[in-house]
Structure formats: C-alpha cells, structure tokens
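# A structural model of the following input is requested.
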Amino acid sequence: MKGGIKGLKVSQVSLIFIGLLCATLIALASTKPTFLASLIPSQSQVLQLYRGSRQTPKQDNSSSLQTGAQQVRSPSPSQIGSGDDANATTTADRDTNISNELSGGTNKSKQAKNVLIVESPAERSHLKKNCNYAKGRWVFDDSRPLYSGSGCVQWLSPMWACRRTQRTDFQYERLRWQPKDCEMEAFSRSKFLQRMQDKTLAFVGDSLGREQFQSLMCMVTGGEESPEVLNVGYEYGLVKARGAKRPDGWAYRFPNTNTTILYYWSATLSDLEPLNVSDPATDVAMHLDRPPSFLRRFIDRFDVLVLNTGHHWNKGKLESNRWVVHVGGVPDAEGKITIEAAKNIAVRSVIGWVNSQLPSFPGHKAFLRTLSPRHFFNGDWNTGGTCDNTVPLTYGSEVVRDGSSDPVLAEAVRGTNVTLLDITAMSQLRDEGHISRYRVRGVSEMQDCLHWCLPGIPDTWNEILSAQI
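Down below sits the predicted model:
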C-alpha cells in the first residue's frame, strides 16, 4: 500500500519509533545515578579539595597538647614602649631605658602572609554564621608566628618583644586557636586592608588594648619596616604634650588603602576631668556615666571600635592616679559606690552610649573585649608572684563552656548591637605566654604576669576580630 512498510502506514511506523525511544530513555534513567556517581566527586572529596586549597598547615593534635610538666609557682609605639602607666606597678613598665638589642628568631611571616582564601560573600557569611569563636582549642601550627618578634621593631615595644629579651623558649609562638563549631579563616594582611579600605579601626582601652594595637600593626605589616605608613596622630590630637612621657595614643594610616589604625589610652572608659587644670597634682574627676571625650569627639570616624577595660579597677590604681568617682556630675564623697559597682556603671554607660550612636553610622561596628587574665602564682605582682612555666597548655588546650568567663561584660552588651570579643577563657589556658621575669637586659625579680609576649596571645584576639569585620 501507499506510504507503508510491509503493510504498515506511516503513522503506525512513527508510533513504533516513538515507543522505542521512550523505552530507551526509561532504561537510561534507571542507570543514570550509578553511572554519574562514578564521574562526579563525592561531597567529602569536594570538601577535601577545598580544604587543601587553603594550604592548611600541618597540625599536631597528639597527646603532647596535654603535657604533664610541673608548674613553677610622636614616635612610634615601640620607641615609647616602657613605663606604660596603664600598669605602672609592674617592673616591665618601669624599664624606661630598654635598649634596641636584637636576639635570634626567624621571620616566618612571609610563609603565611600571602596565603589567600578565595571565597564568595555567601561562603564568608556561612563561615561566620552562628560561630562561637570563644569555644575551641589551641593547636600547634608550624606556620606560626605571623611575624617576627625581633623584626617588628617599628611598632613593637621592646618590653613586649620577648625575642629581644633573655628568654630562650618560644614554643608559645607556635599555637593557633581553632574554634570548635566553625572555620576561622587564616589572617591575610592584604585581605584585611582590602576590607578596611577607606576605614578606621580604633582601640580604646588600657595597656592590654595597646598590646592588641601593636600586635595588629605587626600583623598588617608582616613585622617589616614600613616607611610608607603615615603617622596621623595629629588628626586626633594624639601628640605628646609638654612634660608628658608619651602621647595619649597613636594613629597610623596605610596610604594604599587609606586604612587607619589607632589606639587611645582610656583605662576605665570613663571621662577624666582635672578638678584644677592649673595644679599638676590635682585630683581628677572620673565620670562613670560619661564616655571619654575622645570617643565623643571622634566616634563618627571609627568604622570599627574595640573597647576594653579591667585591670585599673582597684583601690591602688584609683588612688595613685588621684581619680575621684563622680556620677551625675557629683563626687561620691562618702565612698558608697564600691569599685566593682563603679566598674559596672562605667561599662554599662559607655556601651549604652556607643549602642545609641551606631544607628547614626550605618555599617559601623563596635566590640567590647573581655578581660585579659593574669597568671600570678604563689603571690601577687608585689608579693613574689611568678609565672615561670614555659610549657604550653599545661592546664589543658580546650574551652568547652558555652557562656563567657567574663559574665559582667557579657551582660553589659546583651541586647545591644555591640559585639562581645570573648577572649578570657582561651587566654586563661596560656600562662606560659606572659613576659614573666625576662627583660632585654637580664632578668627581674619582679615578674610581669599580666602583659603578654608578642608575637603571642593578642595576635589571636586580632584574628578573631578580623574574622568578624
């Protein structure tokens, strides 16, 4: 017949071909998962490739972390490193004639500073989401430290550069903090400056805040001489006054990215007002309910603000500085306000004020760093207290608690847009990282178990800060 094959019409032949095609497709569909599985990498393989691309240094997770060793109970900032009156009672702060001697040490900063993590904004957001940076453990990392303590002479005070002292053990430099429930990106100086382009980061606090400031300057410069960095302290009134030992702070700008990093000394985060400006020995009103005038004047310029206070809230400090507690412009003449209560008033006041200012400056961020722990054993700073241990992680390597070890400051930021930079518990595990007895010239009978060696623990504080910017 016309149009047929062996008696079949064209329409019938077409239907047969369509049927065969459908059957073929169904057969392929049933075998596709198995077939494709051999060609597509598994999720674990993808993750392994991603982690490998970060060039994560080899970690020592062995039992050596839990050692059983016995515990023995406007010049640059580095040029004015001694005599820090934020902790004037320690010997380290009295070393006013420290030399610029250099001792050993290998600059490993070049190994890590150029390692970049390529990530999309969505990936970065995932890394930060719900991350409790305070919970985790210390691990050994051969790529540490992030800079050379003997090389970062431009920014690092000699009294805190333990590579330049008589100390000979430096295991404390090799530890890195690993948060438990999230991935913390490796610090990259170029990435940090890129994020902070046309921005200002301000540290406002005591001498531990100054250590964090110097640590960040060393991290961002890789511990190398950086003559291109500009001293812009004059823009903030941070110049040495006549008769003063040092300015009230320092400010430096990286011209390539217009990034400014500064520090201002305010040990109590309260406004200090001399009662008689013509008398050098006058008492000073410490207004607990008024933020420092420096903060009130410049907060609009601070894209990132890091506050800290803690070790000046004791009778000795208040008396030696002639600070008189004031609330509502009135002195606490009868001493009804305890020192602990005064601290709480000051912290809540400054946090409340900063929180009220943040809506006026979209994109600005504020942090309150928790207390940096002391490690005086068998006494205090003036009664023979020591911190002679040189073995890292003698008391453990891990923080497992969920809440902060500084509940007062944690409560102060609750319900605000100020972020808690919680470093207390992780730092508590690192008693071997303090200055101890070591000085550039010999050793001292009076030990500094408050300040930290740099490179050291404050570098980790800055890594956590950078991860949240």
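
# What sits closest to F187 if chain neighbours are left out?
E463 (5.0 Å; Cβ to Cβ, 6 or more residues apart in numbering). From N, CA and C alone the C-beta is placed, and that goes for glycine too.

# element containing the one you found?
Element membership of E463 [criterion: DSSP states H and E] is helix 457-468.

# now what about stretch 371-383, what contacts it?
Residues from elsewhere that reach stretch 371-383 (Cβ atoms under 8 Å, 6 or more residues apart in numbering): 71-73, 89-90, 208, 308, 310-311, 384-388, 406, 409, 423-424, 427-428, 431, 434, 446-450, 452.

# Narrow these to just the buried residues.
89-90, 208, 308, 310-311, 385-388, 406, 409, 423-424, 427-428, 431, 434, 447-450, 452 (16 or more other Cβ atoms under 10 Å).

# quick one: which of these sit in helices?
Among the buried ones among the contacts of stretch 371-383, the members found in helices (DSSP state H) are 208, 409, 424, 427-428.

# Now render those as CSV, adding pLDDT.
Formatted as CSV, these follow (pLDDT from 0 to 100):
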residue, pLDDT
L208, 98
L409, 97
T424, 98
S427, 98
Q428, 98
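
# For the chain, which segments count as helices?
Along the chain, counting by DSSP H, helices occupy 10-37, 43-53, 109-112, 121-128, 189-195, 207-221, 293-298, 315-320, 339-357, 407-413, 424-428, 457-468.

# Name the residues that touch the last one?
Taking Cβ under 8 Å, 6+ apart as the criterion, the residues outside helix 457-468 that touch it are 127-128, 131, 133, 145-146, 172, 176-177, 184-185, 187, 192, 208, 211-212, 215-216, 219, 306, 365, 367, 369, 419, 421, 423, 426-427, 430, 433, 452.

# Would you indicate which residues of that helix are buried?
Going by 16+ other Cβ under 10 Å, helix 457-468 has these buried residues: 457-467.

# Of those, which is the nearest to G151?
D459 (14.4 Å; Cβ to Cβ).

# Low-confidence stretches in this structure?
1-129 (pLDDT under 70).

# If we use 90, what do you get?
Along the chain, segments meeting pLDDT under 90 span 1-131, 181-183, 185, 241-245, 280, 333, 381-382, 395, 440-445.

# the domain parsing of it - what is it?
In terms of domains, the chain is parsed into 4-40, 73-468 (source: automatic domain parsing).

# among those domains, which is the most enclosed?
domain 73-468 (a mean of 19; mean count of other Cβ atoms under 10 Å).

# Now do it: distance to the chain's middle.
In terms of Cα atoms, centre = their mean, to the nearest Å, the centre of domain 73-468 is found 8 Å from the chain centre.

# Next, the distance between the ends of stretch 449-462.
With Cα to Cα, to the nearest Å as the measure, the ends of stretch 449-462 fall 21 Å from one another.

# my bad, stretch 148-155
OK, stretch 148-155 end separation, Cα to Cα: 12 Å.

# Thought T416 was touching I351, still the case?
Yes. Using Cβ atoms under 8 Å, I351 is in contact with T416, at 6.1 Å.

# just the strands in the stretch 101-250 of the chain please.
For the stretch 101-250 of the chain, strands defined by DSSP state E, counting those that start in this stretch occupy the ranges 136-141, 175-179, 200-205, 230-231, 249-254.

# Compare these and report which one is nearest to N321.
Evaluated over the strands of the stretch 101-250 of the chain, closeness to N321 peaks at strand 200-205, with 15.4 Å, by Cβ to Cβ.

# counting contacts, what elements does that closest one pack onto?
helix 207-221, strand 259-265, helix 293-298, strand 304-307 (3 or more Cβ pairs under 8 Å, 6 or more residues apart in numbering; DSSP states H and E).

# Can I get these in CSV including distance to K336?
As requested, those are exported to CSV (distance: least, Cβ to Cβ, whole Å):
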stretch, distance to K336
helix 207-221, 29
strand 259-265, 28
helix 293-298, 26
strand 304-307, 26
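
# What sits closest to S404 if chain neighbours are left out?
Distance criterion Cβ to Cβ, 6+ apart; nearest residue to S404, sequence neighbours excluded, is A410 at 3.9 Å.

# State the distance from that neighbour to D448.
Relative to D448, A410 is positioned 27 Å away (Cβ to Cβ, to the nearest Å).

# And the contacts of the longest strand seen in the chain?
For the chain, the longest strand by residue count, based on DSSP state E, is strand 443-452. Applying Cβ under 8 Å, 6+ apart, the contact partners of strand 443-452 are 87, 90-92, 159-160, 166, 207-208, 211, 311, 372, 374-377, 381-382, 385-388, 431, 433-438, 458.

# In strands, which of these appear?
Using DSSP E, the contacts of strand 443-452 in strands are 434-438.

# and which of the residues you listed is nearest to N258?
For the ones in strands among the contacts of strand 443-452, the nearest to N258 is I435 (34.8 Å; Cβ to Cβ).

# quick one: contacts for that closest one?
92, 159-160, 162, 165, 447-449, 451-453.

# mind putting the residues you listed in CSV, distance to A202 included?
Shown next, in CSV, are those (distance: Cβ to Cβ, whole Å):
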residue, distance to A202
A92, 25
M159, 23
W160, 20
C162, 27
T165, 30
Q447, 31
D448, 26
C449, 28
H451, 21
W452, 21
C453, 25
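
# R430 touches Y172, doesn't it?
Yes. If you go by Cβ under 8 Å, R430 and Y172 touch, sitting 7.0 Å apart.

# Name the residues contacting each of those two.
392, 456-457.

# So I339 sits against N314, correct?
Yes. With contact defined as Cβ under 8 Å, I339 reaches N314; the gap is 6.4 Å.
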